[in-house]
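**Student:** I'll drop the sequence and a predicted model, then ask my questions.
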Amino acid sequence: MEKVKIENLSAEQVSFQLILHSGNARSKIIQSLREYREGNVDESDHLLSQAEQDLSIAHDIHFQMVQKESSGEKTDFALLLIHSEDHLMSTLTMKELVKELVEIFKAKNI
């Protein structure tokens, strides 16, 4: 996937990029669990891998924001930014939980 460069984006666009990529990942994570429940283990694993790619993009955007601020540029805080950060963090948590659940299910042949 192509790297998103935040220096060409407005603050709102950066927030929406975070929401977009973490939202895509969240959908794939939920679908992964559903696929596993239906017995489609390979598809479940594939969806988790795709979710990782989406989260990698979101994490890179977040990292660029941290780098920008650490170099002295101030970040304007808005409700949209807070929402996008919350969206990213909850998706990361969800990913770890679903990965662990799938591993438990595999170990127990569920």
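**Tutor:** Good, I have the coordinates.
**Student:** Under the pLDDT cut-off, which ranges of this protein? List them.
**Tutor:** 1 (pLDDT under 70).
**Student:** where exactly do the helices run in it?
**Tutor:** 11-37, 41-70, 79-107 (DSSP state H).
**Student:** nearest to Lys5, of these?
**Tutor:** Nearest to Lys5, of all the helices of the chain, is helix 41-70, at 7.6 Å by Cβ to Cβ. (Each C-beta comes from the backbone N, C-alpha and C, glycine too.)
**Student:** who's in contact with Lys68?
**Tutor:** Ile6, Glu7, Thr75 (Cβ atoms under 8 Å, 6 or more residues apart in numbering).
**Student:** how deep is Ile57 tucked in, by neighbour count?
**Tutor:** Using other Cβ atoms under 10 Å, Ile57 has 20 neighbouring residues.
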